[in-house]
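Colleague: prediction below, plus the sequence it came from.
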Amino acid sequence: MSYRVKKLVIGKGRTVSHEQNGEWVKEYYELEIEIPEENELVIAKENAEGLLNEWLGIAEPEKPKPKWNWNPEAIPWHRVEGFRGEYERYPMEGEKAEASPDYKNLLEDLKEHNGKLSRNGFFYWLFKDSASIGRKKREAKP
């Protein structure tokens, strides 16, 4: 026998104290959602919870920011003279990049940030070939 999820019912509430007049106010909302495809169950649940939190004025807990998982000093940078001065690059033009975890993770991080990001006083960018990375020391602003 197999079962198929067709509906999702989710409810959420809160009780708020009004200290001036000593009363408690209960708020409760419930949503019933039809799910066209069972594989959309998790997405539907997250969307419903978000909507209920918004109605109840409940801030979603802030997700901890992931620490970056790459060490720029483990990447063998090459000094290059460019149009706007000296910068570092890896890999060099025509060179194949060594697929180290630090290089792969930096590449992934850059792609998640539209090819540009700053970390620890350096500006990193992705070249058009989507494999070469440049970095330059950021100048301190007065």
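Modeller: Everything's here; your move.
Colleague: nearest the middle, which residue of this protein would you pick?
Modeller: Nearest residue to the geometric centre of the chain (CA atoms, centre = their mean): residue 112, 7.7 Å.
Colleague: what's the pLDDT at that one?
Modeller: pLDDT, residue 112: 90.
Colleague: quick one: contacts for residue 72?
Modeller: Taking CB atoms under 8 Å, 6 or more residues apart in numbering, we find residue 72 in contact with 102, 106, 119-120, 122, 124, 135. Backbone N, C-alpha and C define where each C-beta goes, glycine included.
Colleague: give the buried subset of the residues you listed as a PyMOL selection command.
Modeller: Per 16 or more other CB atoms under 10 Å, the buried members of these correspond to this PyMOL selection:
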select buried, resi 106+124+135
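Colleague: tell me the one of the contacts of residue 72 nearest residue 21?
Modeller: When the contacts of residue 72 are compared for distance to residue 21 (CB to CB), residue 119 wins out at 52.7 Å.
Colleague: and that closest one, what pLDDT?
Modeller: pLDDT, residue 119: 89.
Colleague: got the buried residues for the helix ranked longest in the chain?
Modeller: Longest helix of the chain, by residue count under DSSP state H: helix 41-56. For helix 41-56, burial by neighbour count (16+ other CB under 10 Å) applies to 44, 48, 52.
Colleague: export the residues you listed to CSV and tack on pLDDT and distance to residue 22?
Modeller: As requested, the buried residues of helix 41-56 are exported to CSV (pLDDT from 0 to 100; distance: CB to CB, whole Å):
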residue, pLDDT, distance to residue 22
44, 83, 40
48, 87, 33
52, 90, 27
